[in-house]
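[1] This is the structure alone, sequence omitted:
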Ligand code: DMJ
């Protein structure tokens with residue numbers, strides 16, 4: 001009652017808007033009678049006074065408005081339904097992975113590059129990539145943000161279920177497998193990488209553009225499941241015998257240390273994330289949180305620790321959103337900085353991360369060209385994330401300096417650079433293999449990472465590819481395979497490292513980003529050669545180095561192998577390039593080639609008690625001579641690229657959003673400035 005007393009004292013409250021129909025009903029002028037009966041009577045009188053035509057018009061208008069109302073309420077309903085469905089999906093996803101749903105990545109704007117060359121580069125014409133059916137055309141550079149977790153994590157959820165089924169099958173079959181042994185090592189003859197077909201779907205067809213637009217999670221296929229199984233097998237060995245150490249020695253059931261920083265574990269983190277191995281990821285995360293300590297009196301190689309540790313931590317941070325990995329990345333990044341304190345600012349090869357001192361190798365003051373020019377993606381990203389320019393400044397300076405150096409041969413660089421003078425040394429030897437390889441890879445990748453504005457990088461890349469075409473390409477006999485040889489003081493050598501097989505993938509990535517279409521043609525030719533480096537060998541696995549025959553000789557294949565070169569270290573480069581080729585062409589043959597290689601890894605390098613091993617002799621299937629070492633890049637790169645190659649989901653590390661560092665750790669492409 002007290003509530004109404006104030007209202008009764010003042011004028012009546014009106015929570016409505018009045019519509020004036022005629023003078024007698026004018027509100028506030030005459031009296032206002034709002035009773036329902038009065039209103040009904042008054043309306044009826046009015047209606048009766050209208051002509052037939054007026055009434056018809058009004059009735060028609062009412063009918064029209066009613067129809068409009070029905071239509072709009074249906075579409076609003078649909079929109080609403082989709083919103084509520086989406087939020088339900090989000091909730092489901094969160095429930096599925098409660099421990100992995102962590103803070104969103106801290107995304108800072110890219111620091112302004114004061115010295116970036118924004119000018120034109122008239123000699124380079126960017127072409128529109130050819131229209132390929134399999135590619136979703138995204139903007140060249142996309143907003144940096146956490147990957148779309150809803151879709152991806154739904155896929156992860158499916159992955160986990162499928163993996164669990166696979167493990168059940170695997171357990172049941174284990175007892176029936178026969179085993180062959182050679183030189184003390186025991187290897188399963190033909191691994192059960194193909195689970196029974198009734199449990200596994202056929203591999204998906206490359207998704208069409210329409211299907212991609214629907215953004216349905218793409219189910220994983222049997223080849224991907226086989227990769228997951230292989231990863232778990234490798235991980236089992238690492239976990240049982242080498243946990244927290246750098247590399248597994250699977251035959252002696254022990255480990256080796258390089259830096260003593262759990263290299264394999266860190267290298268494998270983002271692979272586990274991508275493969276959907278939640279439990280393994282969580283275990284490894286715990287180790288990183290509790291046991292990974294960089295405050296150690298230990299010398300590390302700047303390049304190797306940057307690409308594997310810094311790169312691995314940064315990409316895991318981006319994929320998981322877990323700030324633990326960014327904190328660790330900052331820590332190692334800071335500890336590596338003393339390497340740049342040299343007279344020339346070309347970094348030393350080694351840093352003591354505990355003492356904060358750096359030095360070149362004992363026998364020289366040179367650094368390797370590939371090493372000092374393949375740390376940029378990681379340090380630049382660290383600057384972007386922390387807002388601290390010092391990381392980017394240090395590595396950009398190296399690139400600018402190398403850009404101006406003499407001693408190149410049509411864009412091809414020598415293999416060494418002096419940390420005092422800043423000049424190239426050992427002039428006259430040019431290779432796309434060891435010691436130079438990733439220089440070329442990072443020219444293109446930095447250009448893409450930075451939003452395709454740093455023209456010097458593009459210029460150096462384009463020149464170098466012209467240099468490759470001019471000086472290093474030859475064709476072998478009898479199959480006329482195009483290969484990349486080496487040039488030493490004007491003499492061509494038909495030698496090609498397996499490492500060079502990164503090149504088809506890089507060329508294809510450039511073509512996808514608008515560079516010359518003939519780069520794609522060259523990529524297609526070269527990946528065929530890299531595949532033949534496997535297919536022409538007895539085990540179906542490539543040696544470390546091949547020599548191509550330039551002249552046809554009876555009974556000789558294109559590929560010759562010297563005894564010192566016939567080892568295989570489980571390297572990723574060919575699989576990496578197959579992945580790019582498949583993504584950009586949709587041609588299934590690349591998946592099939594990768595599948596052959598995968599099966600041969602299983603045949604000849606798998607150790608039954610856990611892990612995979614490098615081998616000494618790819619030419620002897622009955623005794624490949626296991627080396628007793630599983631390199632960290634087998635988990636960081638080889639198996640990751642296998643999994644991505646067999647996937648038909650272009651959004652599983654979308655190549656318009658991510659750029660892989662040279663150790664297969666995906667980093668985001670920056671927002672265009
Ligand atoms: C990896 O560490 C990197 O891919 C590097 O660029 C070359 N060597 C190994 C893999 O072969």
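    Done, it's in. Bear in mind that the values here come from a model prediction, so they are computed numbers and not experimental data.

[2] Residue 220 against residue 647, yeah?
    Yes - between residue 220 and residue 647 a contact is recorded at 7.1 Å, counting by CB atoms under 8 Å. Every C-beta, even on glycine, is put in place using the N, C-alpha and C of the backbone.

[3] Of those two, which one has the most company?
    Between residue 220 and residue 647, counting by other CB atoms under 10 Å, residue 220 is the more crowded of the two (28 against 25).

[4] so that one sits in a helix?
    No - counting by DSSP: H, G, I helix; E, B strand; the rest coil, residue 220 falls outside a helix, being coil.

[5] separation between it and residue 388?
    As judged by CB to CB, to the nearest Å, residue 220 and residue 388 stand 39 Å apart.

[6] try residue 60
    70 Å.

[7] same thing with residue 629?
    37 Å.

[8] same deal with residue 282?
    From residue 282 to residue 388 the distance is 30 Å (CB to CB).

[9] Ok, residue 620 next?
    52 Å.

[10] Could you list the low-pLDDT ranges of the stretch 1-150 of the chain?
    Residue ranges of the stretch 1-150 of the chain with pLDDT under 70: 1-49, 63, 66-150.

[11] Let me see the mean pLDDT of whichever strand or helix holds residue 518.
    In the assignment (DSSP states H and E), residue 518 maps to helix 517-535. Averaged across helix 517-535, pLDDT comes to 98.

[12] what bits of this structure have low per-residue confidence?
    Regions of the chain meeting the criterion pLDDT under 70 cover residues 1-49, 63, 66-214, 672-673.

[13] Quick check: residues of it near the ligand?
    438, 499, 571, 572, 633, 637, 662, 663 (CB under 6 Å from any ligand atom).

[14] If I follow the layout properly, the third one ends up in contact with residue 500?
    In this case it means residue 571. No - Residue 571 is beyond contact range of residue 500, at 11.0 Å (criterion: CB under 8 Å).

[15] So for these two, which sits in the more crowded spot?
    Per other CB under 10 Å, whichever of residue 571 and residue 500 has more neighbours is residue 500, with 31 against 22.

[16] these two touch, right, that one and residue 436?
    No - with contacts counted by CB under 8 Å, residue 500 stays clear of residue 436, the gap being 9.7 Å.

[17] who's in contact with residue 474?
    Applying CB atoms under 8 Å, 6 or more residues apart in numbering to residue 474 gives the contacts 482, 483, 485, 492, 494, 548, 550.

[18] what about 7 Å?
    Counting by CB atoms under 7 Å, 6 or more residues apart in numbering, residue 474 touches 483, 485, 492, 494, 550.

[19] tell me which element the residue of the stretch 151-300 of the chain found nearest the ligand falls in.
    Closest contact between the stretch 151-300 of the chain and the ligand, by CB to the nearest ligand atom, is at residue 267 (8.7 Å). According to DSSP H and E, residue 267 maps onto helix 263-275.

[20] From the chain's centroid, how far away is that helix?
    Averaged C-alpha coordinates place helix 263-275 at 12 Å from its chain's average position (CA atoms, centre = their mean, to the nearest Å).

[21] what are the ranges of the strands in the stretch 351-500 of the chain?
    Along the stretch 351-500 of the chain, counting by DSSP state E, counting those that start in this stretch, strands occupy 357-359, 366-368, 416-418, 424-425, 429-430, 473-475, 482-484, 486-488, 491-493, 495-497.

[22] Save those as CSV, and put in distance to residue 243 too.
    Shown next, in CSV, are those (distance: least, CB to CB, whole Å):
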stretch, distance to residue 243
strand 357-359, 30
strand 366-368, 31
strand 416-418, 37
strand 424-425, 41
strand 429-430, 42
strand 473-475, 46
strand 482-484, 40
strand 486-488, 40
strand 491-493, 43
strand 495-497, 32
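
[23] Residue 593 is nearest to which of these?
    Across the strands of the stretch 351-500 of the chain, residue 593 has its closest neighbour in strand 482-484 (16.6 Å, CB to CB).

[24] just checking, what packs against that closest one?
    Applying 3 or more CB pairs under 7 Å, 6 or more residues apart in numbering; DSSP states H and E, one finds that strand 482-484 contacts strand 473-475, helix 517-535.

[25] right, so those: which one is the most enclosed?
    helix 517-535 (a mean of 21; mean count of other CB atoms under 10 Å).

[26] Touching that one from outside, list them.
    127, 130, 465, 479, 481-484, 498, 501, 503-504, 507-508, 510-511, 540-542, 546, 558-559, 574, 577-578, 581, 593, 597.

[27] and the closest residue to residue 534 other than its chain neighbours, how many neighbours?
    Nearest non-adjacent residue to residue 534, counting by CB to CB, 6 or more residues apart in numbering: residue 542, 4.7 Å away. For residue 542, the number of neighbouring residues by other CB under 10 Å comes to 27.
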